[in-house]
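J.: with the input below, show me the fold.
(4 chains)
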Protein chains: 2
Amino acid sequence: MMQLHKKQGGFAQVQEVEKNPSQEPSDAASDAWVRLVRAERALVGRIEAELKGAGFPTLSWYDVLLELKRVPEGRLTPREIEEKVLFEQYNLSRLLDRMEADGLVRRIPYPGDRRRQLVEITDRGRALQRSMWGIYGPAIHRHIGAKLTEKEAGQLAALLLRLTQE
Amino acid sequence: MMQLHKKQGGFAQVQEVEKNPSQEPSDAASDAWVRLVRAERALVGRIEAELKGAGFPTLSWYDVLLELKRVPEGRLTPREIEEKVLFEQYNLSRLLDRMEADGLVRRIPYPGDRRRQLVEITDRGRALQRSMWGIYGPAIHRHIGAKLTEKEAGQLAALLLRLTQE
DNA sequence: GAAATCTCCATGCAGTTGCATGTATATTCA
DNA sequence: TGAATATACATGCAACTGCATGGAGATTTC
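T.: Below you'll find the model as predicted:
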């Protein structure tokens, strides 16, 4: 997916960047874009397949559990989770429904503001996070750590970070 | 999303890579992983928002149209498209339904094998691909080309490529 | 301090995806 | 050749997502 329209001739290359305020992307930019989309989908696909193969839910569930586990009381408001994991509000709302139905979290009242609520991780939720990491951690190692040097992984992270900034 | 379980102490760092055949990922690998997922989602989100804002369909549609447009007769079998754009079979089948309903492609019999079919791009499909590129191309330029040098974009593409290989 | 506005979370609906399976045709092999 | 297997594509169903909107409660404004 994410194929690109490549420039046919070589003439376009002659344009200077300064005179190209928001025109055709360079071949390097186009390539990076295609690779980015492909790599992300391939790796997410492989890692989620491993999790599913081990009988675990998807990474969304893991992300929420990890955020909750990280904070002292194991409690966050949906808003706070939303900020951290970058889900849509309506999406998180329903994910929490499912997680609550599975006994991984519980919703409790937020003292002093009845619009809000606190989502608290249960023991079962903590246990699931731990056992998922047993698959997820090694998967990251094999799919990323083992394919790049530490330095390269650092460069990659830095380049990717720049794409989302500004 | 794609938060990670970080190692707490510093002791784990002492392990040598050779003695760590499929264990904990390094911090660099974990970071690269998180950034990869975040960057992809952020950029796809922004670019698709621009397309939608201009009244266009999603990138999946674009990808299919571009593949068809690229080949001499403007015809491919669903299988061939699938390989190129990396969609699931059932997903592509229904995407083609929608595109056909919109008059962007048409399905015609495959001579000599009645299991297969040929998907042919229509003039309307070609026109849509062209006009989408008017938004898509500049978006790639702004979101990627303008944020990295040519050399950096090349490095990024190379690093990403290595993640999907083997 | 009442009305307007804003914030937080939920939900109906339509569109999309994943999964399993179905149908038709072609190929392989005993 | 005929049965078993494989390939190409479609589809029913359940899960998930995006979008718009709703309702309850807090905050602002005048």
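
J.: can you give me the helices for chain A?
T.: For chain A, the helices defined by DSSP state H occupy A:27-53, A:59-70, A:78-85, A:89-101, A:123-140, A:150-164.

J.: spell out which parts of chain A neighbour DNA strand D.
T.: A:Thr58, A:Ser60, A:Glu88, A:Tyr90, A:Asn91, A:Arg94, A:Leu95, A:Arg98, A:Gly112, A:Asp113, A:Arg114, A:Arg115 (C-beta under 7 Å from any atom of the strand). Every residue, glycine included, has its C-beta placed from N, CA and C.

J.: just the buried members of those?
T.: A:Ser60, A:Leu95 (16 or more other C-beta atoms under 10 Å in any protein chain shown).

J.: closest to B:Glu50 out of the residues of chain A next to DNA strand D?
T.: B:Glu50 lies nearest to A:Glu88 out of the residues of chain A next to DNA strand D, by C-beta to C-beta, at 18.4 Å.

J.: let me see the contact set for that closest one.
T.: A:Glu82 (C-beta atoms under 8 Å, 6 or more residues apart in numbering or on different chains).

J.: A:Glu152 now?
T.: Taking C-beta under 8 Å, 6+ apart, we find A:Glu152 in contact with B:Leu159.

J.: likewise the one 4 residues further on?
T.: Neighbour list for A:Leu156: A:Leu148, B:Ala32, B:Arg35, B:Leu36, B:Leu156, B:Leu159, B:Leu160 [criterion: C-beta under 8 Å, 6+ apart].

J.: mind putting those residues into a markdown table with pLDDT and distance to A:Leu68?
T.: Shown next, in a markdown table, are these (pLDDT from 0 to 100; distance: C-beta to C-beta, whole Å):
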| residue | pLDDT | distance to A:Leu68 |
| --- | --- | --- |
| A:Leu148 | 96 | 31 |
| B:Ala32 | 95 | 24 |
| B:Arg35 | 92 | 22 |
| B:Leu36 | 93 | 24 |
| B:Leu156 | 97 | 33 |
| B:Leu159 | 97 | 33 |
| B:Leu160 | 96 | 31 |
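
J.: using JSON lines, lay out those together with distance to DNA strand C.
T.: Output for these, formatted as JSON lines (distance: C-beta to the nearest atom of the strand, whole Å):
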{"residue": "A:Leu148", "distance to DNA strand C": "26"}
{"residue": "B:Ala32", "distance to DNA strand C": "23"}
{"residue": "B:Arg35", "distance to DNA strand C": "22"}
{"residue": "B:Leu36", "distance to DNA strand C": "18"}
{"residue": "B:Leu156", "distance to DNA strand C": "25"}
{"residue": "B:Leu159", "distance to DNA strand C": "25"}
{"residue": "B:Leu160", "distance to DNA strand C": "20"}
